[in-house]
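Trainee: would you be able to build a 3D model of this:
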Amino acid sequence: MKNRDCLVLALCKSLALGPVRLLPVRLLTVRWLTVCLLLVVDFGQGCLDAQEAVNSASIVSGITAQIDQRIALGYSKASIVPAENCTDEQFIRRLYLDIAGRIPTLGERESFLLDHSGSKRLEWIDRLLASEDYVENFVDTFDALLMGRATRGKIGERKSHWRPYLEDVFRSNRPWDQVAREILLARPQSPEQSGAVWFLYERNDNAQAIAEAVAPAFFGIRIDCAQCHDHMIATEIHQEHYWGLVAFFNRSKNTKTSTGPRLSESAIGGFSDFANIYGSSYPNLLTFYESKTIDEPRPEKDAKQEDSEDLYVPAVDPADPRVPKFSRREKFVEEILNGHPRFAKAFVNRIWAMLMGRGIVHPYDQMDSVHPPSDAELLDGLAREFVDSGHNIRGLVRGILASRPYQLGSLRPEGAEDPSRFAWALERPLTAEQLGRSLQIALFQKADEDHACIGDLRDRMPEVLPETVVTDVGDALYLTNNPRVQQMILEASRQDALVGRLASREELRDAIDEMFLAILGRSAEESETQAVLDFVQPRLANRPVAERVSVWQSAVWAVLTSAEFRFNH
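Mentor: Okay, the predicted model is just below:
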């Protein structure tokens, strides 16, 4: 057992850790199989050692045409020949991971490959965008991006409040500008909007935490470094922007009502000064980056403000908190958020990063002077299309998926070095949720959103859209030794699951091919087939099905722990 761990530790860096850069992904899979199948695992003892249709085609064609034209122009300027288009089997795996948040089942894969329609890729994009899998996957992703990873205790609270709201957003294809207004104003007008307050509510009256979350989530910039002084590198981000954004939210307070969590807002207070590192102090005016300053009368220093009913109007729902006549949150939404030059660009850039492996501005949440866009005209054009479409989320996603750059192969072409040219499909590590669901699909051909393995993976692999792709030894060893994954492979030994089906097959090559199709979405190459045959053949000879199971458990374990499975490519 100890020797096997040492071997994995020594070899996983080159074979199973990071995205495939120097070698084709299949070659790495062959090498990883060779190693794993030398490390015989005794599974028999019970443990391992180690709806609504998308919007009009005109929206999509405009987005897709801009992408194809601008990216092709970049190839021409850089004298790059892009990768060939990906195959159908590569496309359907990539599409399912990006939209459904999991690999396709064997039946789904076969249905796509047998579809001979000339427009089948676009048709399957539409099919998945209309599915509940799309809703769950995008809710998982935006929950992590907007709120950060939750502790296990907070996950339950989000399921009661925040997640149902996000589900309605993506299921109903709500316009992104409306969603942002509802989240930041936090005054729900209907029961369906009630969960929108959770973005502010979970931050528990901490106006600085709110400001530091609002800036990247809705404007694509980070202002944390401007708390004590103007940003030292992105000098256009000033300290007044940080404290101005804080001021918009520093009168808000969490309030429990009979209709659920709400945010009350005071009509007075919240006036203070901020000091820079040189000792100079300035008033925290209502302002923000690339925005005007909102006028608000300030009381004289040390003057006591009096709160009174005539400073408020009743809420629409009598159970909700009263609303100040001068509402800082409302001023922020109406005069800062509305029409802000970064708002649409930030969302477009985030969706692009989700689907393409990196943003047009990279990192996607640092859209400042230090991180210029790789193609400013493309970003501007897509943002205009997004606004003109009514901030149509599905239309934007569909347009990117239909583009040629999205559908390129992942093998980097000779002479192409700069990933910001998008001349090949960039490998991306699966999120915890994608990996957990895909493990279940590979083994059982169905997935439970609440399976315990997903919680374990969130703890181990919390990042979503990491700035750099670095998979450490611990991630590789997690899959090889984690008891939860081991138990799943054991449970897959029943007749209707993967290991059980493989053990019942008499023709070994057919079994190997099914294993590769179920896990990696492709047939095994001859070198891979031979590597598995060399392992299973002598161990299966003249053995009943019951004893064949443990041999196939080890083979399945070897393929499941490969880098090819853990990455979208």
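
Trainee: my guess is H231 contacts D224. True?
Mentor: No. If you go by Cβ atoms under 8 Å, H231 and D224 don't touch, sitting 9.3 Å apart. Every residue, glycine included, has its C-beta placed from N, CA and C.

Trainee: between these two, which one's more packed in?
Mentor: H231 (23 against 13; other Cβ atoms under 10 Å).

Trainee: any idea how far W162 is from the more buried one?
Mentor: Look at H231 and W162: by Cβ to Cβ, to the nearest Å, they are 30 Å apart.

Trainee: and K256, that's in a strand?
Mentor: Yes. Secondary structure of K256 (DSSP: H, G, I helix; E, B strand; the rest coil): part of a strand.

Trainee: which SSE is the nearest residue to it once chain neighbours are set aside in?
Mentor: Closest residue to K256 apart from its sequence neighbours, by Cβ to Cβ, 6 or more residues apart in numbering: R262 at 7.5 Å. Using DSSP states H and E, R262 maps to strand 260-265.

Trainee: residues near the residue nearest to N250 when sequence neighbours are not counted, how many?
Mentor: Nearest non-adjacent residue to N250, counting by Cβ to Cβ, 6+ apart: A207, 4.0 Å away. Neighbours of A207 under the rule other Cβ under 10 Å: 19.

Trainee: is S272 in contact with L285, as I believe?
Mentor: No. Contact between S272 and L285 fails when scored by Cβ under 8 Å: they sit 10.9 Å apart.

Trainee: more neighbours: which of these two?
Mentor: Legend: neighbour count by other Cβ under 10 Å for S272 and L285, higher for L285 (15 against 12).

Trainee: with adjacent residues omitted, what lies nearest to W176?
Mentor: Per Cβ to Cβ, 6+ apart, closest to W176 is H391, 4.1 Å.

Trainee: for that neighbour, which residues are in contact?
Mentor: When contacts are counted by Cβ atoms under 8 Å, 6 or more residues apart in numbering, H391 touches 175-178, 344, 347.

Trainee: check D98 too.
Mentor: Counting by Cβ under 8 Å, 6+ apart, D98 has contacts 354-355, 401, 568.

Trainee: what helix or strand is the residue nearest the centre of the chain on?
Mentor: Centroid check for the chain by Cα atoms, centre = their mean gives T141 as the closest residue, at 3.8 Å. In this assignment (DSSP H and E), T141 forms part of helix 132-147.

Trainee: how about that helix: buried residues?
Mentor: 133-147 (16 or more other Cβ atoms under 10 Å).

Trainee: residues of the helix or strand following that helix that come out buried?
Mentor: Per DSSP H and E, the first helix or strand lying C-terminal to helix 132-147 is helix 152-160. Buried positions in helix 152-160, judged by neighbour count with 16+ other Cβ under 10 Å: 157-158.

Trainee: got the angle for helix 152-160 vs helix 132-147?
Mentor: 120 degrees (axes from the mean of the first three to the mean of the last three Cα atoms, to 10 degrees).

Trainee: name the helices or strands packed onto helix 152-160?
Mentor: Packed against helix 152-160 by the contact rule (3 or more Cβ pairs under 8 Å, 6 or more residues apart in numbering; DSSP states H and E) you find no helix or strand.

Trainee: right, and the helix or strand after that helix?
Mentor: Next along from helix 152-160, by DSSP H and E: helix 162-172.

Trainee: put the alpha carbons of whatever helix or strand comes next after that following helix into CSV.
Mentor: Next in sequence after helix 162-172, counting helices and strands by DSSP H and E, comes helix 176-185. Once non-C-alpha atoms are left out, helix 176-185 reads as follows in CSV (Å, rounded to 0.1, in the frame of the first residue of the first chain):
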residue,chain,number,x,y,z
TRP,A,176,-28.9,40.0,-16.4
ASP,A,177,-29.5,43.7,-15.8
GLN,A,178,-32.7,42.9,-14.0
VAL,A,179,-31.0,40.2,-11.9
ALA,A,180,-28.3,42.7,-10.8
ARG,A,181,-30.9,45.3,-9.9
GLU,A,182,-32.8,42.8,-7.8
ILE,A,183,-29.7,41.5,-6.0
LEU,A,184,-28.2,45.0,-5.2
LEU,A,185,-31.4,46.8,-4.4
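
Trainee: now the next helix or strand after helix 176-185: buried residues?
Mentor: Note on helix 176-185: by DSSP H and E, the next helix or strand toward the C-terminus is helix 198-201. For helix 198-201, burial by neighbour count (16+ other Cβ under 10 Å) applies to 198-201.

Trainee: pLDDT on helix 198-201, on average?
Mentor: Per-residue pLDDT over helix 198-201 has a mean of 98.

Trainee: contacts for that helix?
Mentor: Contacts of helix 198-201 (Cβ under 8 Å, 6+ apart): 146-147, 157-158, 161-162, 165, 183-184, 186, 210, 213, 217, 249, 252, 254, 261-263.

Trainee: which of the residues you listed are buried?
Mentor: Neighbour counting by 16+ other Cβ under 10 Å classes 146-147, 157-158, 161-162, 165, 183-184, 186, 210, 213, 217, 249, 252, 261-263 among those as buried.

Trainee: rewinding a little: which secondary structure elements does the helix holding T141 contact?
Mentor: helix 162-172, helix 207-219, helix 432-444.

Trainee: need those helices in JSON lines with distance to R548, can you?
Mentor: Putting the helices and strands packed on helix 132-147 into JSON lines (distance: least, Cβ to Cβ, whole Å) gives the following:
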{"stretch": "helix 162-172", "distance to R548": "43"}
{"stretch": "helix 207-219", "distance to R548": "52"}
{"stretch": "helix 432-444", "distance to R548": "17"}
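
Trainee: endpoint to endpoint, stretch 485-496 covers what distance?
Mentor: Counting by Cα to Cα, to the nearest Å, you get 18 Å between the two ends of stretch 485-496.

Trainee: in that stretch, which residues are buried?
Mentor: Of the residues in stretch 485-496, those buried (16+ other Cβ under 10 Å) are 485-490, 492-493.

Trainee: again, but for stretch 441-460
Mentor: Quick answer for stretch 441-460 (16+ other Cβ under 10 Å): 441-445, 447, 451, 453-454, 456-458.

Trainee: nearest to S281 among the residues you listed?
Mentor: Checking the buried residues of stretch 441-460 against S281 by Cβ to Cβ gives R458 as the nearest, at 42.7 Å.

Trainee: show me how this structure divides into domains.
Mentor: Under the assignment named as automatic domain parsing, the residue ranges that make up the domains of the chain are 2-50+429-568, 178-337.

Trainee: centre of the chain to the longest one, how far?
Mentor: Spelled out, it's domain 2-50+429-568. 23 Å (Cα atoms, centre = their mean, to the nearest Å).

Trainee: Three-state assignment for W243, please.
Mentor: helix.

Trainee: farthest pair within the buried residues of stretch 441-460?
Mentor: Q445 and R458 (23.2 Å).

Trainee: helices of the stretch 251-400 of the chain, start to end?
Mentor: Counting by DSSP state H, counting those that start in this stretch, the stretch 251-400 of the chain has helices at residues 328-331, 343-356, 376-388, 393-401.

Trainee: which of the contacts of H391 count as buried?
Mentor: Using 16+ other Cβ under 10 Å as the burial test, those include 175-177, 344, 347 as buried.

Trainee: mind putting the residues you listed into CSV with pLDDT and distance to S410?
Mentor: CSV is the format used below for these (pLDDT from 0 to 100; distance: Cβ to Cβ, whole Å):
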residue, pLDDT, distance to S410
P175, 98, 33
W176, 98, 29
D177, 98, 34
A344, 98, 29
F347, 98, 26
